[in-house]
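> model the structure of this input:
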Amino acid sequence: MLFRIGASLACANQLDLRGEIDSLKTAGVDFLHIDIMDGEYVNNYCFGLQLFDYLKEIELIEIEIHLMVYSPYNKIEYFNGKHFDRISFHIEACKNPIQTLSKIKSLNKKSGIAINAATHENSIYYLYDFADYILIMAVEAGFSGQDFIDSIVEKVRNIRQELKKRKMEKDIYIDGHIDENTIPILCEAGANVFIGGTAGLFKGNSSYAENITKLRNSCNF
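I've put the predicted structure just below:
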């Protein structure tokens, strides 16, 4: 499994997104993570469809969409023709996850199933045959700057063990309070893709390149 670092665009300077994206690309980030929030599943709003029209102008950067919305099945079609590589959505907000995963794949994109920090991992075991990857929240979905929830480490370990039992190699993404202290324990538990936010990537006076290097060097994956 590849160790990868993504950048949460919600944590970037919203007044200069083009400049921020260029800086993140130059710094060596592997992909952009774009949150879509509806103000209902989470008590926040984030990014609209017009952003993806702008992103068509930006080459050589992977884009992952993280849907934090109710009834994601009904929203997938809005992204048809937009510039992105994969979509994840929350099991807690979806009544028909198998159909939703299939709908994403019908767009020739990769599909992911996401779970909030409080959700038991057993709730998604039956979806492993349908999802390309799993995204686990290490904080409560909706807002940046939260403390890491320690109990999710065991959740990661259980999911990776279940995947190994089934001889499946799938990426496990972690979103929330990713820094040089949390990455090592999450790597050991079985995670391999990390969404950088205010805790480790968009912080302090260090450059994005310096912060990404710290994050990469924090785990011998």
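
> in this structure, which spans are helices?
Secondary structure of the chain by DSSP state H: the helices cover 17-27, 50-55, 97-106, 152-165, 182-189, 208-217.

> quick one: low-confidence ranges for the protein?
The model of the chain has pLDDT under 70 over residues 59-60, 142-146, 221.

> go with 90
Low-confidence segments of the chain, defined by pLDDT under 90, span residues 1, 37-61, 82-83, 139-148, 176, 203-206, 219-221.

> how much space between the nearest residue to Phe52 once chain neighbours are set aside and Ala10?
By the measure of CB to CB, 6 or more residues apart in numbering, the closest residue to Phe52 outside its immediate chain neighbours is Lys82, 3.8 Å from it. The C-beta positions use only the backbone N, C-alpha and C, and glycine is treated the same way. In this structure, Lys82 and Ala10 are separated by 17 Å, where distance is defined by CB to CB, to the nearest Å.

> of the two, which one has the most company?
Here Lys82 and Ala10 are set side by side on neighbour count (other CB atoms under 10 Å), and the busier one is Ala10, at 21 against 16.

> can you pull out the strands in this structure?
Along the chain, counting by DSSP state E, strands occupy 4-8, 31-38, 45-46, 62-68, 86-90, 110-115, 133-137, 171-175, 193-196.

> between the helices of the chain, which gets nearest to Ala199?
Each of the helices of the chain was scored for nearness to Ala199 using CB to CB, and the closest is helix 182-189 (7.6 Å).

> who's in contact with the closest one?
In this structure, residues lying in contact with helix 182-189 by CB atoms under 8 Å, 6 or more residues apart in numbering are 3, 138, 148, 153-154, 156-157, 160, 174, 194, 199-200, 215, 218-221.
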